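Enquirer: coords below, sequence missing:
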């Protein structure tokens, strides 16, 4: 095989991008309107634009999840943090005398995001300092967080009318949805932080071999802590976008199941759940893939409440494909076909 | 090869016989055509330094590993173990340092797990514990079977493990470093039980670095070095010092023994540790390393060398003692802090604590430097490449490809990458733990020369090695460790390999 | 006789008895802690409200939380092996939905209930196979199962289905009076208690149960000792699934209907109850009896919150906080013993 072609195929992003393209092509064949873009009042509309806009909350959460997973952890509380963030922002706005003021909205957002950051810092503290297993540490917040959000909204679904707030999820800027810009900014900031500073290489080292990293003088505690803080912060922004979309703070529904969507996006993009090497670009592709998948499911007429089932199927397929046992089953099958036995090398333990 | 056989041995068939066992991990040959015989009812010791192949041979015997070549016979029949369970079924039991029992269950349950007494389909606890008590008493042990295993000392847990082995009719019991955490009374108890076992015809493979104990309990000794069989011996016919010499080797004299001069007495001290105590392995050590000086640390396995190195470099926190950096008291709770003071450490576990295999050579080399500069000051790609290439060239790292995953390099080159990482920090004190273990002769010499050059340029080096002539070649002074204590520091020029050997091998109760 | 094997002290005396007691029953300590907490809560609530510790309230504790008790027994098996099952709430909802749907189509109860149990078992088997054979981490595997079950529940029906079947309703509505005062118990309560007893018997007196503890203690050792580790871990998840199916029956009886949104967050309540009841998340230590205490602690908190008249979401928050405290304490204790046993 041509070496250049081989290198190309071995590139990490090839399979995720291929999967996404296949999905898009299949969709287009099924409904040609999928790729149609209409222009109204200088703003672009169409299913593709919907995907760009609706994927924003997941994009933010998945970016944070990538960092956490890279440190060999997991953050199950992102949905709950989204709920809290939305609750804080909307409660502030609805209680303020001038809900239509830009300044009110900005303060509300700042407050909400700050609270979300604190929650992320709390998670990081439990994992990095106290040494609690990441699943359990974030499970606690997953449990309690929605309760806290309900308390903030007083048990109701707080609704507001505020044009500046609505703008975030529903507004347009230079023809494209504003939410999409939020996505892009987040991607750029995270990518820059990881590549332009040493955060990326140090995070990878910590994720692959924490002890060797420690001996090399890497401050693993700080890096792990920071990953969870970032995850919380990003979830906070995602919560703002979500509540802006429905102009309400629904503590029970906000970010429901987004944890699995995010984990799936990260895994689809090529980052391993075992930690270590990670890819932001892969996560971006993964997010678009999932959003397209959801759009497909909706188009097929499946009620949104049932969609978790399909996501579960995709998750199972992905983890099966990545599982070493599947590989060995394939290898054995291939061997049987080839008609010989292959001695596997013993690995030093 | 010295294989002594007396009349008794010639008549008895070995219970385990290994012929020509060879094991390779990638390019490294870890076990090279090793023969080994274990006779029933004997206590046999397997001896050798780290990397000699002991644990690999044991893995082959216990079914954890399949040899690439050679045969294993149990009771005269050739066997092929696919898993430890197979070996267990063949009567080969092993008791490791990490007791492979269940700490959360009772003693009796551990002894009889899987074979508990039953009544009407349910477990009869009274009967089970009674049976367990019987088995324990059969070995002369008075342990209450109803107590939780984790509530007992390590010594007792080991004995429970042995009791279980007996209860599954083991023919061979392998004890891997059983006495490392035991006090004298506990060792005596263990030996009594071992004699009980051999009286029943069970063969005991006793792996330990405590020479006194080996001489006390063992009937025969097999020595491995560098993956090869050096020989089988009878303790009564082997002088202690000869045994140590066989384990450590004398080394080939292809390169001139180019000893360093003793450093001037008034050299400023770069790093000092006084009264250091750490864990069970380091009991008392006081050491100073002068600027531009190479101090060699010699001693047998278990003498506390690595523990001392780790205590000096912030890797482990010592339980007692003080550290001084350039004369001032220093607190080094983490490797990070030590690096900040210019003190760097190269672990003897190159593969697990040194090189990060999945990262490239370049990423490995620049890792510590990057960590030192902090998150915000990233080394630019050009600078990283430049650094990597210059160190690859300086240390002759092969293959000279900075993007190759470091895990694919040979042991020698991995060590060079690790050295490059540490040297890129421009350290003041370099602590090297077994830097040339498992490395070919050419690379060994390169590293030794490098150490000499570095010292000439003012770097202080603590060089740990099991190879005595290597220690003598690179050091200005040699510190001798025995039984967890640093017993002596001697200028290298007044030592020979033999005299150093004598110091290292001397029994602990002598001064 | 040797000095070291007499390390538990042959000198006799009170201190010796305490030592022996502690050594034999070390893993019961967290359960005692849970009992202490429960009793303290009851006393505190009684002092605060004045009418808390009454036969009516105490009976309701079992009645209202019977489903959780059953789930907790199943979850105990899984956590003892060092795993976790996040799907129990969703499986409970799904089996409930399917059962209600089948009943509403006229199928006999004698068929419906076993189907629900088998369905639960299959979901558990699914998780177990993913974990054991494909090396998927338990939380991902059970998370996927949770999503699948939730989606399936909605596939049965998007809205709730009422259950009119008298046999089911009988399970809940019958009150059997007994004991001093007006204590009562329902068939669902009896069912839950039976499940608890069966769980205790299995874990204490069967090889399977002891293997569960062994796996949690040191899976590698258990394997080396020749125990059927794979089969046992699979079965643990199956048991959890069956319990979820049974909980579906009980919960449907409790509410008289099945609702696809049932059990959201229940898995977390279950895990919290098990952990508060003294089971270590790392596996190998814990008792079904402790999980039962944990369920009662949960129930007491919920009842107290409703007595206080504040938002029900405080229940989740309090449970979450309590869970956190237990987890942190467990972690600190583990770290301490690891350091001292060096």
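Expert: Alright, I've got the coordinates. Keep in mind that this is a model prediction, so the values were computed, not measured.

Enquirer: and chain B, which residues reach chain A?
Expert: Where chain B comes near chain A, counting by C-beta under 8 Å from any C-beta of the partner chain, the residues are B:23, B:25, B:30, B:64-66, B:315, B:334-336, B:339-340, B:345, B:347, B:352-359, B:363, B:366-368, B:370-379, B:421. All C-beta spots, glycine's among them, are computed from the backbone N, C-alpha and C.

Enquirer: run the last query once more with 7 Å
Expert: Residues of chain B found near chain A (C-beta under 7 Å from any C-beta of the partner chain) are B:25, B:65-66, B:315, B:335-336, B:339, B:345, B:347, B:353-354, B:356, B:358-359, B:363, B:367-368, B:370-372, B:375-376, B:378, B:421.

Enquirer: check those for burial and list the buried ones.
Expert: Among the residues of chain B next to chain A, those classed as buried by neighbour count (16 or more other C-beta atoms under 10 Å in any protein chain shown) are B:25, B:65-66, B:315, B:335-336, B:339, B:345, B:347, B:353-354, B:356, B:358-359, B:363, B:367-368, B:370-372, B:375, B:378, B:421.

Enquirer: in chain C, which residue is most central in space?
Expert: With distances taken as C-alpha atoms, centre = their mean, residue C:72 lies nearest the centre of chain C, 0.7 Å away.

Enquirer: for the host helix or strand of residue B:371, the averaged confidence score.
Expert: Here residue B:371 is covered by helix B:361-373, with elements defined by DSSP states H and E. On average, the pLDDT along helix B:361-373 is 93.

Enquirer: and the pLDDT for the closest residue in space to residue C:292 that isn't next to it in sequence?
Expert: Distances taken as C-beta to C-beta, 6 or more residues apart in numbering or on different chains put residue C:196 closest to residue C:292, at 5.5 Å, once the chain neighbours are dropped. In this prediction, residue C:196 carries a pLDDT score of 96.

Enquirer: mind checking which of the residues of chain B next to chain A are in helices?
Expert: Within the residues of chain B next to chain A, residues falling in helices by DSSP state H are B:335, B:336, B:339, B:363, B:367, B:368, B:370, B:371, B:372, B:421.

Enquirer: relative to residue B:429, how far out is the fifth one?
Expert: Distance of residue B:367 to residue B:429, given as C-beta to C-beta, to the nearest Å: 19 Å.

Enquirer: same deal with the second one?
Expert: The gap separating residue B:336 from residue B:429 is 15 Å, by C-beta to C-beta.

Enquirer: the third one now?
Expert: For residue B:339, the distance to residue B:429 (C-beta to C-beta) stands at 10 Å.

Enquirer: re earlier: from residue C:273, how far out is the residue nearest to the centre of chain C?
Expert: To residue C:273, residue C:72 is 5 Å away according to C-beta to C-beta.

Enquirer: which neighbours do those two share?
Expert: Here residue C:72 and residue C:273 have C:291, C:294, C:295 as joint contacts, going by C-beta atoms under 7 Å, 6 or more residues apart in numbering or on different chains.

Enquirer: can you pick the most crowded of these?
Expert: residue C:294 (34 neighbours; other C-beta atoms under 10 Å in any protein chain shown).

Enquirer: name the nearest residue to that one, sequence neighbours excluded.
Expert: Leaving aside its chain neighbours, residue C:294 sits nearest to residue C:277 (2.9 Å; criterion: C-beta to C-beta, 6+ apart).

Enquirer: so what's residue C:286 closest to, chain neighbours aside?
Expert: Once flanking residues are discounted, residue C:286 sits nearest to residue C:279: 2.7 Å by C-beta to C-beta, 6+ apart.

Enquirer: just the pLDDT at that neighbour, thanks.
Expert: On the pLDDT scale, residue C:279 is placed at 91.

Enquirer: which residues touch it?
Expert: C:76, C:79, C:80, C:285, C:286, C:290, C:291.

Enquirer: farthest pair within the residues you listed?
Expert: C:285 and C:291 (12.4 Å; C-beta to C-beta).

Enquirer: returning to what we had before: which SS class is the residue nearest to residue C:286?
Expert: Secondary structure for residue C:279, judged by DSSP: H, G, I helix; E, B strand; the rest coil, is coil.

Enquirer: buried sites along the host helix or strand of residue C:78?
Expert: Per DSSP H and E: residue C:78 is located in helix C:55-80. Of the residues in helix C:55-80, C:57-59, C:61-63, C:65-80 count as buried by neighbour count, 16+ other C-beta under 10 Å.

Enquirer: near chain A too, which of these?
Expert: Among the buried residues of helix C:55-80, proximity to chain A is found for none (C-beta under 7 Å from any C-beta).

Enquirer: elements contacting the helix holding residue B:371?
Expert: With contacts taken as 3 or more C-beta pairs under 7 Å, 6 or more residues apart in numbering or on different chains; DSSP states H and E, helix B:361-373 sits against helix A:199-208, helix B:381-395, helix B:411-423.

Enquirer: including mean pLDDT and distance to residue B:273, could those go into TSV?
Expert: Supplementary listing: the helices and strands packed on helix B:361-373 in TSV, determined by pLDDT from 0 to 100; distance: least, C-beta to C-beta, whole Å:
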stretch	mean pLDDT	distance to residue B:273
helix A:199-208	91	29
helix B:381-395	92	29
helix B:411-423	90	19
